[in-house]
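Peer 1: have a look at this fold, sequence not included:
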């Protein structure tokens, strides 16, 4: 591991890997292919929606035998299904929050622990607790105290 502080090289990478360059090239080619495919599909559907005409896209639509009207109906159907699922999920969420569990009010900050609360834990005896309370405002135990241990109370 290197020393903390600034790096000596200006153009050094934060993360270095021993990746094979052939694998990197293949990953870049596949990524570029899928980005291009996604762009083509997006243009395919957008051209049907807005009436954009392109020679390549029109040829593709003719080969797939899908006119613009059929693509528009498909997109409207997909949007209607998405809206239906969105409304169903929103309704289920609203039912769960409001009807099933009732109104959720914020929790109030807990009140300070009283002497009775501290003594109810039965970690130290009442006498030791009163000695500790008189001696200091707060006390942090390093280990679990024994109720009969007088040395812990005097520290």
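Peer 2: Good, I have the coordinates. The shown structure was predicted, so the numbers you read here are calculated from the model rather than taken from an experiment.
Peer 1: give the buried residues for the strand or helix carrying residue 84.
Peer 2: Using DSSP states H and E, residue 84 sits within helix 68-94. For helix 68-94, a neighbour-count test (16 or more other CB atoms under 10 Å) marks 68, 71 as buried. Just so you know, the C-beta spots here come from the backbone N, C-alpha and C atoms, and that holds for glycine as well.
Peer 1: ditto for stretch 111-120
Peer 2: In stretch 111-120, no residue is buried by neighbour count (16+ other CB under 10 Å).
Peer 1: neighbouring contacts of that stretch?
Peer 2: Stretch 111-120 has contacts (CB atoms under 8 Å, 6 or more residues apart in numbering) with 126, 129, 133.
Peer 1: can you flag the buried ones in these?
Peer 2: residue 129.
Peer 1: how many neighbouring residues does residue 61 have?
Peer 2: For residue 61, the count of nearby residues is 18 (other CB atoms under 10 Å).
Peer 1: you'd agree residue 54 is up against residue 43?
Peer 2: Yes - in terms of CB atoms under 8 Å, residue 54 counts as a neighbour of residue 43; the distance is 7.4 Å.
Peer 1: which one's more surrounded, those two?
Peer 2: Ranked by neighbour count (other CB under 10 Å), residue 54 and residue 43 place residue 43 first, with 15 against 12.
Peer 1: after the helix holding residue 84, which helix or strand is next? Please name it.
Peer 2: Next element after helix 68-94 (DSSP H and E): helix 115-120.
Peer 1: circling back: reformat the contacts of stretch 111-120 as a markdown table; add distance to residue 83 and pLDDT.
Peer 2: Output for the contacts of stretch 111-120, formatted as a markdown table (distance: CB to CB, whole Å; pLDDT from 0 to 100):
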| residue | distance to residue 83 | pLDDT |
| --- | --- | --- |
| 126 | 66 | 90 |
| 129 | 63 | 86 |
| 133 | 64 | 82 |
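Peer 1: the longest helix in the protein is where?
Peer 2: Looking across the chain with DSSP state H, the single longest helix is helix 21-50.
Peer 1: the helix or strand following that helix: which residues count as buried?
Peer 2: Downstream of helix 21-50, the next assigned helix or strand under DSSP H and E is helix 55-64. Of the residues in helix 55-64, those buried under the neighbour-count criterion (16+ other CB under 10 Å) are 57, 61.
Peer 1: alright, calling it a day.
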